[in-house]
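K.L.:
based on what follows, work out the 3D shape:
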Amino acid sequence: PDHKFYKNLEDNTSKGAPSDAFLWPEFVTKRERGSYGYIMPLRPKGYYEFGHYLLAKRQFKSFEAIVNAAMKICEGFKLLHLRGYSYQDLNDGNFFINPDNGDVLICDNDNVMPNNDKSGILGKARYMAPEVVCGSKAPNTESDRFSLSVILFMLFYANHPLEGARVLACPCMTEQFEKKFYGSEAIFVYDKDNDSNRPVRGVHNNVLRRWMALPGILRDTFITEFSKEKLQNPEKRITEREWQKIIQQLRDMLVICPQCGKESFVENPSAPKCMSCQKDFQISGI
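P.N.:
Prediction:
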């Protein structure tokens, strides 16, 4: 990395983390023979890589933990952006999550730069915004928000929002195909106007099971956020604060079924039905 990258890392270290959710650089070594390093807090016990949940090596204890994780991720990036930073390389390797309570720690913060400054890092394939994939824009706050929506979709549905039948039919994922499927011709798996990239049974089973099971407000938000209009107009993407309002509504819908004792999202309080046992029940006070 050039001197600008080093100076930015020094500046970030001196200013400190946006919140305690970040495993932020705490000390940068002096440059010696063209190289240097930094130290950051160690990951505590009980926190596991986000990728472990996607591979089913770890499981969340509850829906409440998943909702908490989503809220904590949004809060972290809201505070980061309020400071005038952009993360620029948001992907599944940036998070350690506690499966019991959903607490989140954000790592790999050496690429954090002032918004619209170039770090030289474009991001990780499958998480970069279409405009970054196509090369029309450098990473910034708006591309962070696209990557955030991808992370949230994968957190709730455990599949990628742009990977369906079209991507599965690709014989070999070359750079050319990556630019097509994640850039110039990106299509959401549940695009309301284009069904060519729907999830495939036997491959994308997680999203097929969860799509209708989770509340409609979540489906509607992702349909809008990954619509052709939003994919092509980064400035129209929703903010972290708006995501938090939606996630709060999810939290308000989450109840414990008195019949089987399992969690269930209740969208219609006047006629609640358990997601697990499918039995009707009464909510206290309704």
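
K.L.:
pull the longest helix from this protein.
P.N.:
helix 63-82 (DSSP state H).

K.L.:
okay, buried residues for that one please.
P.N.:
Buried residues in helix 63-82, counted by 16 or more other Cβ atoms under 10 Å: 63, 65-81. From N, CA and C alone the C-beta is placed, and that goes for glycine too.

K.L.:
what's the pLDDT at the spatially most central residue of the chain?
P.N.:
Geometric centre of the chain, nearest residue: residue 151, 1.8 Å, by Cα atoms, centre = their mean. In this model, residue 151 is scored at 96, pLDDT.

K.L.:
again, but for the one 4 residues further on
P.N.:
pLDDT recorded at residue 155 is 97.

K.L.:
wait, isn't it in contact with residue 69?
P.N.:
Yes: between residue 155 and residue 69 there is a contact at 6.3 Å, judged by Cβ atoms under 8 Å.

K.L.:
any low-confidence regions in the chain?
P.N.:
Along the chain, segments meeting pLDDT under 70 span 1, 119-123, 283-286.

K.L.:
what about the helices in it?
P.N.:
Under DSSP H, the chain gives helices at 3-15, 50-54, 63-82, 130-133, 141-157, 165-168, 175-179, 205-210, 216-225, 228-232, 240-253.

K.L.:
export those to TSV and append columns for distance to residue 39.
P.N.:
Putting the helices of the chain into TSV (distance: least, Cβ to Cβ, whole Å) gives the following:
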stretch	distance to residue 39
helix 3-15	10
helix 50-54	23
helix 63-82	20
helix 130-133	30
helix 141-157	25
helix 165-168	39
helix 175-179	34
helix 205-210	37
helix 216-225	37
helix 228-232	39
helix 240-253	28
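
K.L.:
so which of those gets nearest residue 188?
P.N.:
Closest to residue 188 of the helices of the chain is helix 216-225 (Cβ to Cβ; 7.1 Å).

K.L.:
if you count neighbours, what's buried in that closest one?
P.N.:
Applying 16+ other Cβ under 10 Å to helix 216-225 flags 218-219, 221-222, 225 as buried.

K.L.:
now stretch 195-205
P.N.:
Applying 16+ other Cβ under 10 Å to stretch 195-205 flags 197-200, 204 as buried.

K.L.:
stretch 237-256 too?
P.N.:
Judged by neighbour count (16+ other Cβ under 10 Å), stretch 237-256 contains these buried residues: 237-238, 240, 243-244, 246-247, 250, 253-255.

K.L.:
can you put the buried residues of stretch 195-205 in JSON lines and add distance to residue 189?
P.N.:
Shown next, in JSON lines, are the buried residues of stretch 195-205 (distance: Cβ to Cβ, whole Å):
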{"residue": "197", "distance to residue 189": "6"}
{"residue": "198", "distance to residue 189": "6"}
{"residue": "199", "distance to residue 189": "5"}
{"residue": "200", "distance to residue 189": "9"}
{"residue": "204", "distance to residue 189": "7"}
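
K.L.:
still on that earlier bit, quick one: closest of the helices of the chain to residue 276.
P.N.:
So among those, helix 63-82 is nearest, using Cβ to Cβ, at 10.8 Å.

K.L.:
tell me what angle that closest one forms with helix 240-253.
P.N.:
160 degrees (axes from the mean of the first three to the mean of the last three Cα atoms, to 10 degrees).

K.L.:
how distant is helix 63-82 from the center of its chain?
P.N.:
With Cα atoms, centre = their mean, to the nearest Å as the basis, helix 63-82 stands 9 Å off its chain's centre.

K.L.:
which residues sit against that helix?
P.N.:
18-19, 21-22, 60, 86-87, 90, 95, 97-104, 106, 112, 115, 141, 144, 148, 151-152, 155-156, 239-241, 243-244, 247-248, 250-251, 254, 263, 265 (Cβ atoms under 8 Å, 6 or more residues apart in numbering).

K.L.:
go on, stretch 255-263?
P.N.:
Contacts for stretch 255-263 (Cβ under 8 Å, 6+ apart): 62-64, 254, 264-266, 272, 274-277, 279, 281-283.

K.L.:
try 10 Å
P.N.:
With Cβ atoms under 10 Å, 6 or more residues apart in numbering as the contact definition, stretch 255-263 has outside contacts at 62-64, 66-67, 254, 264-266, 269, 272-284.
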